[in-house]
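Student: Quick one, what's the 3D model for this:
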Amino acid sequence: MIRILIADDHLIIRQGLRLILETENDFELVGEACDGAEALNLCRELNPHVVLMDLRMPNMDGLTAIEKLHKEQPDIAVVILTTFNEDELMLRGLQAGACGYLLKDTDRARLFATIRAAARRETLLQPDIMARLLSRMESQTQADQSGETVSLTEREQEVLASVARGERSKEIAAYLGISERTVKAHLASIYQKLDVDSRAAAIAVASQRGLLADN
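Tutor: Presented below is the predicted three-dimensional model:
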């Protein structure tokens, strides 16, 4: 069973998600929170596997909650709930420790797939949103160069591009003709070079530095 907690200040969103999640036999909704502070308290008490976290909430926003939760309980996967006008906040949430994101009007299949991927500590990215984020961050990178460079090998760039497409380690290994262990080794090297600890954060940082703009 995948234990899920919802954090959103809109009751109708929580009720809708509850009704949808209850249709799946491997999902268990263990709690609901109306702000980030309540979400943190419930996570300490209930220890869910996945948190669906809204970014804009009163008292403590979702971004702050993600940062605190990643420090306190890094084993809990956070999926951001977002709307189309929150690209910058999405990237900040991924850098803070979230493993993925969903639009609030997403379809059931994508919702279920993203939750299951998060529970496996994988990232399932939506190509349309990723394209928007990459375009936004490419423009930002060109306008504000930090001078800090990161050198990835050709193979690491291929692995990173595959991760950005939402592919799992097994799929990346098959596509590149290497073992899953080698894929994980490349990922570890990428994380170290980008100073991150998750696929989502690697994609966020890589996009900011223009490392995915051509993929």
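
Student: what about the spatially most central residue of the chain, distance to Asn41?
Tutor: Closest residue to the average C-alpha location of the chain: Gly100 at 1.9 Å, with C-alpha atoms, centre = their mean. To Asn41, Gly100 is 23 Å away according to C-beta to C-beta, to the nearest Å. C-betas here are computed from N, CA, C, even on glycine.

Student: swap in Ser198?
Tutor: With C-beta to C-beta as the criterion, Ser198 and Asn41 are 24 Å apart.

Student: Tell me which of these two has more neighbours.
Tutor: Taking other C-beta atoms under 10 Å, Ser198 and Asn41 do not tie; Ser198 has more neighbours (22 against 12).

Student: Send me stretch 103-121 as PDB with only the CA atoms.
Tutor: The C-alpha coordinates for stretch 103-121 follow below in PDB (Å, rounded to 0.1, in the frame of the first residue of the first chain):
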ATOM      1  CA  LEU A 103      -1.200  20.200 -12.600                       C
ATOM      2  CA  LYS A 104      -4.400  20.300 -10.600                       C
ATOM      3  CA  ASP A 105      -6.400  19.500 -13.700                       C
ATOM      4  CA  THR A 106      -4.300  16.400 -14.600                       C
ATOM      5  CA  ASP A 107      -6.100  13.200 -15.600                       C
ATOM      6  CA  ARG A 108      -6.500  10.200 -13.400                       C
ATOM      7  CA  ALA A 109      -3.900   8.000 -15.300                       C
ATOM      8  CA  ARG A 110      -1.200  10.600 -15.000                       C
ATOM      9  CA  LEU A 111      -2.000  11.300 -11.300                       C
ATOM     10  CA  PHE A 112      -1.800   7.600 -10.500                       C
ATOM     11  CA  ALA A 113       1.400   7.100 -12.500                       C
ATOM     12  CA  THR A 114       3.100  10.000 -10.800                       C
ATOM     13  CA  ILE A 115       2.200   8.900  -7.300                       C
ATOM     14  CA  ARG A 116       3.500   5.400  -8.000                       C
ATOM     15  CA  ALA A 117       6.700   6.700  -9.500                       C
ATOM     16  CA  ALA A 118       7.200   9.000  -6.500                       C
ATOM     17  CA  ALA A 119       6.700   6.000  -4.200                       C
ATOM     18  CA  ARG A 120       9.500   4.200  -6.100                       C
ATOM     19  CA  ARG A 121      11.700   7.400  -5.600                       C
END
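
Student: List the contacts of that stretch.
Tutor: 2, 4, 13, 20, 24, 26-27, 49-50, 52, 77-79, 81-84, 99-100, 102, 123-124, 126, 129, 168 (C-beta atoms under 8 Å, 6 or more residues apart in numbering).

Student: can you do 7 Å?
Tutor: Here stretch 103-121 makes contact (C-beta atoms under 7 Å, 6 or more residues apart in numbering) with 2, 4, 13, 20, 24, 49-50, 77, 79, 81-84, 99-100, 102, 123-124.

Student: chain center to that stretch: distance?
Tutor: Computed by C-alpha atoms, centre = their mean, to the nearest Å, the chain-centroid distance of stretch 103-121 equals 11 Å.

Student: And the strands in this protein?
Tutor: Assigned by DSSP state E, the chain shows strands spanning 2-7, 27-33, 50-54, 77-82, 100-103.

Student: if you average pLDDT over the second one, what comes out?
Tutor: What it means is strand 27-33. Here strand 27-33 scores 97 as its mean pLDDT.
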